[in-house]
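Engineer: everything below, folded, please.
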Amino acid sequence: MTHNEALRALDAIVHLAVLDRDLTTPPSMPAEGERHIVAAGAIAAWSGHEGEVAAFQEGAWAFYAPHDGWLAWITAESKAVIFDSGSWVEFSGSMDVNPAALVGVNATADATNKLAVKSDAVLLSHDDVTPGTGSVQLKLNKNAASATASVLYQTGWSGRAEFGTTGDDDFHVKVSSNGATWREAIVINRGTGVVSLPGTPPVASPFNLLKDAGRFSGSPEPQSATSPSFTAPTYFKTVNGSSFAQGPKFIFNNSTYGGAAGALDADVDALIVRMKDASNASWRRYSVEFYLLEVTAGNGTGTAVTVGANTYYLCMENANGPVPTQMTINFHLRVKSGEVALIYNSDEGALFVDGVPYTSHQVRTGADGWQQVTRLTNRNPRQFVGYNNVLKRLYATPGSVFYIAAPFFTPGHVPISPNLFYGVVPSLEVWR
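Structural biologist: Below you'll find the predicted structure:
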């Protein structure tokens with residue numbers, strides 16, 4: 001190819017635009033430089049050049065064989081075409097872009113948001129072109145139960161509402177006023193379909209099935225706000241040589257908050273701070289008295305469980321009596337020394353610590369301070385023997401010491417959420 005021939009070729013194919021692509025014979029009076037894509041079945045001077053670019057240059061037709069990737073603008077059709085695998089195909093509309101690393105519609109996609117769209121509306125419809133089945137389904141797939149698949153609603157790029165399988169495989173609906181603190185509104189159990197409303201108060205306040213109301217001052221509970229003496233509960237059982245003892249007491253009209261009846265023990269005060277608001281000192285000064293139950297784990301090694309690298313042994317459980325199929329078990333835990341293990345068992349119900357759900361065993365130490373532990377059970381009446389002694393099982397390292405405060409067992413599920421801490425829930429016995 002001479003230098004002049006190369007220049008002619010460049011003039012023909014650089015920024016390629018052709019008049020059309022449907023002619024089989026050359027036009028009778030072509031203009032200098034006009035170009036066409038030769039259609040199939042070409043005759044006369046174009047015979048044998050189907051699919052090539054025909055350019056009228058210096059009074060004669062020159063032909064250029066395209067290569068994969070050539071782009072051409074078809075003036076008569078106002079369309080762009082691309083040469084691919086031996087034929088010209090439309091670049092827009094019928095050209096697949098699969099896969100595409102980033103797609104932005106009126107917006108710029110990035111490594112995090114690989115699809116970015118700015119639009120007043122987005123339409124997803126069933127396929128009536130192929131046609132499809134007549135149905136349409138949007139799929140959000142995550143790789144593990146602990147991950148999140150959700151739809152997040154934002155205001156000014158700050159989250160306000162979210163629904164999906166967030167952190168587990170239950171279906172959650174939650175809301176936020178600031179994008180940082182979230183509250184569960186609805187949780188639907190993945191296995192049973194049972195709906196819970198963690199932030200909605202029950203129609204009736206819960207009552208305590210425990211006859212002493214978790215005050216550890218005798219059964220039935222005292223018919224007064226004071227608790228004159230400690231009585232170890234019979235509904236909890238020691239295991240592996242563990243023991244129960246009297247712990248400190250919340251004092252009615254305590255001097256810590258302006259009363260005259262004595263100062264609160266530091267651990268009791270720390271618990272009351274979590275239970276009662278500070279806006280009115282009388283809420284922390286006056287309340288029904290209750291004792292902490294001090295538990296010391298024994299040295300027995302029966303019924304062990306391993307969490308991480310450590311082994312924990314059963315130190316207490318509830319009595320083996322009849323229980324409802326659906327119920328809430330709630331108590332406050334403070335580890336004084338050693339370690340306590342909270343065991344998760346999906347068959348026994350959901351586990352919450354300070355209103356946060358967990359789907360694995362949890363270990364607590366003295367550094368954790370007071371924490372509210374909750375179990376929500378839900379059993380099929382036709383598949384339940386009617387009793388269960390593992391509702392309140394706690395495991396610990398030998399010699400561990402911890403406090404239990406204000407336990408309650410109640411039928412059904414009470415609202416559970418972060419920053420919602422229950423105090424003493426009264427039993428029915430005091431009013432009978």
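Engineer: where's Phe163, which helix or strand?
Structural biologist: Using DSSP states H and E, Phe163 sits in strand 158-166.
Engineer: got a list of what the nearest residue to Ser146 once chain neighbours are set aside touches?
Structural biologist: Leaving out its chain neighbours, the residue that sits closest to Ser146 by C-beta to C-beta, 6 or more residues apart in numbering is Gly167, at 6.4 Å. Backbone N, C-alpha and C define where each C-beta goes, glycine included. Residues counted as contacts of Gly167 (C-beta atoms under 8 Å, 6 or more residues apart in numbering) are Ser146, Ala147, Thr148, Pro357.
Engineer: before we move on, back to that, can you list the helices and strands that the strand holding Phe163 packs against?
Structural biologist: Applying 3 or more C-beta pairs under 8 Å, 6 or more residues apart in numbering; DSSP states H and E, one finds that strand 158-166 makes contact with strand 148-155, strand 171-176.
Engineer: let me know which of those strands is tucked in deepest.
Structural biologist: Ranked by mean neighbour count, these are led by strand 171-176 with a mean of 18 (mean count of other C-beta atoms under 10 Å).
Engineer: what strands line up against that strand, and which way round?
Structural biologist: strand 158-166 (antiparallel), strand 182-188 (antiparallel) (DSSP bridges).
Engineer: now the angle between strand 148-155 and that strand, please.
Structural biologist: Here strand 171-176 runs at an angle of 30 degrees relative to strand 148-155 (axes from the mean of the first three to the mean of the last three C-alpha atoms, to 10 degrees).
Engineer: show residues contacting stretch 176-186.
Structural biologist: 154, 158-162, 171-175, 195-200, 417-418.
Engineer: repeat the analysis, applying 7 Å as the threshold.
Structural biologist: Ser158, Gly159, Arg160, His172, Val173, Lys174, Val175, Val195, Leu197, Pro198, Gly199, Ser417 (C-beta atoms under 7 Å, 6 or more residues apart in numbering).
Engineer: measure that stretch end to end?
Structural biologist: The first residue of stretch 176-186 is 13 Å away from its last residue (C-alpha to C-alpha, to the nearest Å).
Engineer: and it, which residues are buried?
Structural biologist: Ser176, Trp182, Glu184, Ala185, Ile186 (16 or more other C-beta atoms under 10 Å).
Engineer: who's the second one bridged to?
Structural biologist: Right, Trp182. Beta-bridge partners, per DSSP bridges, of Trp182: Ser176.
Engineer: pLDDT wise, what is it at?
Structural biologist: Turning to Trp182, the model gives it a pLDDT of 92.
Engineer: centroid-wise, who is the farthest residue in the chain?
Structural biologist: Gly59 (72.1 Å; C-alpha atoms, centre = their mean).
Engineer: before we move on, what SS does the residue nearest to it when sequence neighbours are not counted have?
Structural biologist: Of all residues not flanking Gly59 in the chain, Glu32 sits nearest, at 7.8 Å (C-beta to C-beta, 6+ apart). For Glu32, the assignment made with DSSP: H, G, I helix; E, B strand; the rest coil gives coil.
Engineer: of the contacts of Gly167, buried ones?
Structural biologist: Pro357.
Engineer: circling back to that earlier point, check which residues of the strand holding Phe163 are buried.
Structural biologist: Gly159, Glu162, Phe163, Gly164, Thr165, Thr166.
Engineer: how much distance is there from it to the middle of the chain?
Structural biologist: 8 Å (C-alpha atoms, centre = their mean, to the nearest Å).
Engineer: with stretch 238-254 instead?
Structural biologist: Here the centre of stretch 238-254 is set off from its chain's centre by 38 Å, with C-alpha atoms, centre = their mean.
Engineer: check stretch 223-235 too.
Structural biologist: Mean-position distance between stretch 223-235 and its chain equals 42 Å (C-alpha atoms, centre = their mean).
Engineer: quick check: mean pLDDT across it?
Structural biologist: Mean predicted confidence for stretch 223-235 is 92.
Engineer: check which residues of it are buried.
Structural biologist: Buried-residue list, stretch 223-235, by 16+ other C-beta under 10 Å: Ser227, Phe230, Ala232, Pro233, Tyr235.
Engineer: do stretch 310-321 as well
Structural biologist: Those buried within stretch 310-321 under the rule 16+ other C-beta under 10 Å are Tyr312, Tyr313, Leu314, Cys315, Met316, Glu317, Asn318.
Engineer: what about those residues, which are in strands?
Structural biologist: Judged by DSSP state E, strands contain the following of the buried residues of stretch 310-321: Tyr312, Tyr313, Leu314, Cys315, Met316, Glu317, Asn318.
Engineer: so His332 touches Leu271, yeah?
Structural biologist: Yes. In terms of C-beta atoms under 7 Å, His332 counts as a neighbour of Leu271; the distance is 6.1 Å.
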